[in-house]
Each structure stands twice: as C-alpha cells, then as structure tokens.
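Trainee: for reference, the sequence and a predicted model appear below.
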Amino acid sequence: MTLFKGCIDIHDGQVKQIVGASLDTDEGIQTNFVSSKSSKYYAQLYRENDIEGCHIIKLGPGCDEAALEAIREWKNGLQVGGGITSDNAKYWIDEGAAKVIVTSYIFSGPELDESKLKSLYEAVGKDKLVLDLSCKRAVNGGWFVATNRWRTVTNTELSKDLFERLAHYCSEFLIHAADVEGLCKGIDEDLVAKLGEWCDIPVTYAGGAKHIDDLALVKRLSRGKVDLTFGSALDIFGGSLVTFADCVAWNNNEKRSIK
C-alpha cells in the first residue's frame with residue numbers, strides 16, 4: 001500500500017515550499033511558495049482528513065514556535081525534523097511530536113557517526129526515531145546522503161546493507177531526492193524502485209512529484225513499500241498540478257483496499 005504523506009516545511013517561521021537544490025548554493029534559497037496560513041492550519045487539515053505520518057521540517061533558525069504550534073494542534077500526529085540532536089529529541093517528543101526526524105546530527109563531517117546514532121536511540125527509542133537519508137545522485141548512478149541543508153555530500157552511499165544496519169535504530173526512513181526536490185519535473189524513478197527493494201521498514205519519498213498518477217507510479221515501482229509526499233505541485237501550497245482532495249481520495253481508496 002502506497003499512501004500520500006503530507007509535509008509542513010517551515011523557513012523563517014513561515015510555511016513555505018522551496019527548491020531543494022537551492023539550499024546548497026550561495027545565492028540564497030529559491031522559494032516556490034510562501035503561505036499566508038499558519039502551520040496550525042496545515043496540521044488541522046491533515047488531522048481532519050486522516051493523513052497520518054506527515055512531517056514538519058524546520059529549515060534553519062526561527063522555526064520552533066511554528067513547529068510547536070502545529071504539533072500542539074495534532075498531538076502525537078506529526079513528525080518533526082530540523083536541528084534535532086540527542087539533547088533536544090526528547091523535548092520534541094514530550095511536546096507532542098509523534099516522532100523526531102534526524103539527518104545531519106548522525107554525521108561527523110562526511111562520515112556516519114554511530115555513537116551519535118546510539119545516543120539518539122537511547123534518548124527516544126527506536127519507535128520514535130525517523131532517519132532522513134536525503135541524498136544526491138552521484139556520477140556513477142548511486143546516491144549519497146547529503147547533510148547540512150544538503151550542502152555536504154557524505155561518504156555514505158545508499159544501499160540495502162545501509163538500510164538494514166540503520167533499521168536497528170529507527171522505525172522509519174524519509175528520503176528527499178535533493179536533485180529534484182521542488183522542481184515538479186518528475187520523481188527519481190530509479191531511486192524509488194531501489195527504496196522498494198532495499199527497505200523493510202516504512203519509507204517516505206519526497207522530490208519532484210507532479211501528478212496524482214505519481215502515487216500509482218510509486219506504488220508500482222516500489223511494490224507498495226514506499227509512500228509519497230507532494231510539495232510544490234499541491235494546490236494547498238500554491239500549486240496547480242495536484243489537488244489535496246485527490247490525494248485524500250487516493251488514501252481512502254488504498255485503505256479500503258486492504259480491509
């Protein structure tokens with residue numbers, strides 16, 4: 001079963017949609033959409049339509065209050081990421097986050113630091129931890145984890161062995177395809193297929209989705225093992241390519257199909 005998963009991206013305290021590739025440039029973030037609505041509005045929208053497993057991503061400083069506003073609107077219903085460490089992870093869980101999402105903290109420079117991973121595991125437990133292995137495609141066709149707002153490409157290549165090893169510490173993976181994030185030019189089909197092959201725990205893919213049929217495409221490529229996030233293409237984020245109502249209808253049909 002492949003489901004639509006919602007997102008709430010927060011930058012400078014506002015809900016926005018950005019071009020992921022612009023995060024690693026010195027020219028500043030390229031913004032697709034700045035919402036006039038609060039993070040609480042989106043949390044309520046997801047809650048009322050039973051869109052479970054949605055994620056809040058804090059893009060830089062000045063985002064905590066907006067993130068807390070959303071979390072308090074849907075206690076234990078939203079995941080939160082951005083600046084999460086072993087020191088503050090429990091704070092976010094105590095405030096009502098369903099899970100915390102972590103990327104950069106578990107790396108020391110370009111290397112995966114399992115001591116930090118273990119400290120997170122000890123702080124909140126496997127069931128409350130999501131690892132964001134957002135990545136960039138290499139020249140050889142593989143994908144390497146990108147950290148520090150996707151500015152630093154690490155030495156960690158996505159593989160079945162990596163996912164199996166990290167699954168001991170977390171309950172879910174989140175994968176942003178940084179090269180196509182925010183462009184609305186199509187998903188990385190090769191990556192989605194590999195995620196379906198490599199991952200044995202829940203995994204959500206984000207990046208490039210531009211049509212409601214991408215849900216069926218992800219389902220086929222991953223054999224129903226990968227969920228999909230729409231961002232800039234979605235009407236609730238100023239897009240004109242995908243309607244939120246269609247995403248809700250897809251989820252309802254998928255859930256009915258397994259009853």
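Mentor: Structure's in. What do you need?

Trainee: hey, let's count contacts and neighbours off CA atoms from now on
Mentor: OK.

Trainee: what's the pLDDT at residue 56?
Mentor: The score at residue 56 is 98. That number is its pLDDT.

Trainee: ranges for the helices of this protein?
Mentor: 39-48, 64-73, 89-95, 114-124, 160-166, 189-198, 213-222, 244-257 (DSSP state H).

Trainee: quick one: closest of those helices to residue 11.
Mentor: Comparing the helices of the chain by their distance to residue 11 (Cα to Cα), the top pick is helix 64-73, with 9.4 Å.

Trainee: related to what we said a few turns ago, mean pLDDT added to the helices of the chain, as a markdown table?
Mentor: Formatted as a markdown table, the helices of the chain follow (pLDDT from 0 to 100):
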| stretch | mean pLDDT |
| --- | --- |
| helix 39-48 | 99 |
| helix 64-73 | 98 |
| helix 89-95 | 98 |
| helix 114-124 | 97 |
| helix 160-166 | 98 |
| helix 189-198 | 98 |
| helix 213-222 | 99 |
| helix 244-257 | 97 |
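
Trainee: quick one: the residue nearest to residue 10 when sequence neighbours are not counted from residue 13, how far?
Mentor: Counting by Cα to Cα, 6 or more residues apart in numbering, residue 10 lies nearest to residue 58, which is 5.0 Å off, once chain neighbours are set aside. Going from residue 58 to residue 13 by Cα to Cα, to the nearest Å gives 9 Å.

Trainee: swap in residue 113?
Mentor: 30 Å.

Trainee: more neighbours, those two?
Mentor: Between residue 113 and residue 13, counted using other Cα atoms under 10 Å, the more crowded position is residue 13 (19 against 13).

Trainee: is it correct that that one is in contact with residue 65?
Mentor: Yes. The criterion here is Cα atoms under 8 Å, and residue 13 meets it with residue 65 at 7.3 Å.

Trainee: could I get the full set of strands for the stretch 51-200 of the chain?
Mentor: Secondary structure of the stretch 51-200 of the chain by DSSP state E, counting those that start in this stretch: the strands cover 54-58, 78-81, 99-102, 107-108, 111-112, 129-132, 135-137, 143-147, 152-157, 172-176.

Trainee: now distance to residue 218 too, for these, in a markdown table please.
Mentor: Formatted as a markdown table, the strands of the stretch 51-200 of the chain follow (distance: least, Cα to Cα, whole Å):
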| stretch | distance to residue 218 |
| --- | --- |
| strand 54-58 | 17 |
| strand 78-81 | 22 |
| strand 99-102 | 22 |
| strand 107-108 | 29 |
| strand 111-112 | 28 |
| strand 129-132 | 19 |
| strand 135-137 | 18 |
| strand 143-147 | 18 |
| strand 152-157 | 22 |
| strand 172-176 | 13 |
